[in-house]
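**Q** Sequence first, then the predicted structure:
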Amino acid sequence: MSSKFLIVFFLLISSNQIFAQKYRTIENISYCKITDTDGYKKERCKLDLYVPTDRKNFSTIVWFHGGGLEEGNKFIPLELKEKGLAVVAVNYRLSPKVKAPDYIDDAAEAVAWAFSHIASYGGDPAKIYVSGHSAGGYLALMVGLDSSYLQKLGVSANKIKGLIPISGQTNTHYTIKKERGQSMAIPQMDQYAPISFARKDAPATVLITGDPQLELPARYEENAHLAAILKQVGHTKTSLYQLQGFDHGGVYKPGCLLMLKWIKEQEK
């Protein structure tokens, strides 16, 4: 059996057991401010809530879809369903209709919505995790590491229980460089780079990427760099995982299973 399938088998066995519970999905909840008159924001700033209906004080994963900040739509990963927790699947505005930091602001508003509302559905606001794949992982890191985005909304980023980006960019995102007319190949680390905001008191951070030979160029190396910088500034809850045999598009599935395993370990 190949290492790729051994990894999946291990994660399936060691992740949360499937709960014999009931769930419901509430679609297209608006998380933007009521006073907003921006039609595109009203259209895109919606989330779907997948929530257990017969238990209380469950954990919640806020999940941002990928697509390079230019495409994609909210979805609830199959791997996160029926695992005893809630999933908040988020749409956000996309480039080129908007530019940075609009989509980061949207991500922060969605996380703030989860903190403000999840208790009314039975969830525990102290157990909110922020994750996503690719561009979604980038947004998770920006919201969790640059605390200014949530601070503007009256939420402390340090209340996030864990940041779990899957193949997220840790330097300034490709699309932001594209918006500026900069080289896509040359890395930038500025106010739109999660690594610029590495800090000792950041939430626990789990960095997951695919195989360096199959991933996007330097994606594993970027995550390894962030892990090293977090440790250098005194952050003691940093983990880095490289899932061999998985490319950029396929890594989110085993990444979700690894995330469930890690969450279960945190809540023992």
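**A** Here it is on my side, so go on. Numbering: from 1, shown residues only.
**Q** show me where the stretch 51-200 of the chain has helices.
**A** Along the stretch 51-200 of the chain, the segments classed as helices by DSSP state H, counting those that start in this stretch run 102-117, 135-145, 148-151, 174-180.
**Q** Compare those and report which one is nearest to Val251.
**A** helix 135-145 (10.2 Å; C-beta to C-beta). Where C-beta positions appear, they are placed from N, C-alpha and C, glycine not excepted.
**Q** which helices and strands does the closest one pack with?
**A** On a contact count with 3 or more C-beta pairs under 8 Å, 6 or more residues apart in numbering; DSSP states H and E, helix 135-145 meets strand 58-64, helix 102-117, strand 123-133, helix 148-151, strand 162-166.
**Q** can you pull the buried residues of stretch 142-150?
**A** 142-147, 149-150 (16 or more other C-beta atoms under 10 Å).
**Q** swap in stretch 198-214?
**A** 198, 202-211, 214.
**Q** Show only the entries of the residues you listed found in strands.
**A** In strands, defined here by DSSP state E, the members of the buried residues of stretch 198-214 are 205-210.
**Q** tell me which of the residues you listed is nearest to Ile76?
**A** For these, the nearest to Ile76 is Ile208 (18.4 Å; C-beta to C-beta).
**Q** got a pLDDT number for that closest one?
**A** pLDDT, Ile208: 98.
**Q** contacting residues for it?
**A** Contact analysis of Ile208 by C-beta atoms under 8 Å, 6 or more residues apart in numbering lists 164-167, 223, 241, 243, 251, 255, 258-259.
**Q** now do 7 Å
**A** Neighbour list for Ile208: 164, 166-167, 241, 243, 255, 258 [criterion: C-beta atoms under 7 Å, 6 or more residues apart in numbering].
**Q** what's the closest of these to Ile118?
**A** Distances from Ile118 to the contacts of Ile208, taken by C-beta to C-beta, are shortest for Ile164, at 17.1 Å.
**Q** Could you measure from that closest one over to Ala86?
**A** Distance from Ile164 to Ala86, counting by C-beta to C-beta, to the nearest Å: 15 Å.
**Q** Please say which of the two ends up with more neighbours.
**A** Taking neighbours as other C-beta atoms under 10 Å, Ile164 and Ala86 compare with Ile164 leading, 31 against 25.
**Q** in the sheet, who's paired with that one?
**A** Beta-bridge partners of Ile164, counted by DSSP bridges, are Ser131.
**Q** Check Val206 too.
**A** Listed by DSSP bridges, the beta-bridge partners for Val206 are Ser239.
**Q** Test my guess that it contacts Lys261.
**A** No: between Val206 and Lys261 there is no contact under C-beta atoms under 7 Å: 10.1 Å.
**Q** Skipping adjacent residues, who's closest to Gln191 in space?
**A** Asp146 (7.9 Å; C-beta to C-beta, 6 or more residues apart in numbering).
**Q** Then Ser134?
**A** Nearest non-adjacent residue to Ser134, counting by C-beta to C-beta, 6+ apart: Gly66, 3.2 Å away.
**Q** so who does that neighbour touch?
**A** Gly66 makes contact with 72, 132-136, according to C-beta under 7 Å, 6+ apart.
**Q** of all the helices and strands packed on helix 135-145, which gets the most neighbours per residue?
**A** Ranked by mean neighbour count, the helices and strands packed on helix 135-145 are led by strand 162-166 with a mean of 28 (mean count of other C-beta atoms under 10 Å).
**Q** Pull up the gap between the residue nearest the centre of the chain and Lys178, please.
**A** Centroid check for the chain by C-alpha atoms, centre = their mean gives Ser131 as the closest residue, at 1.9 Å. From Ser131 over to Lys178 the distance is 24 Å, taken as C-beta to C-beta.
**Q** Over to Glu265?
**A** Counting by C-beta to C-beta, the gap from Glu265 to Lys178 is 38 Å.
**Q** Between these two, which is the more surrounded one?
**A** Lys178 (17 against 9).
**Q** I'd assumed Met184 was in contact with the more buried one.
**A** Yes: taking C-beta under 7 Å as the definition, Lys178 is a contact partner of Met184 at 6.4 Å.
**Q** Name the residues contacting each of these two.
**A** Common neighbours of Lys178 and Met184 are not found (criterion: C-beta under 7 Å, 6+ apart).
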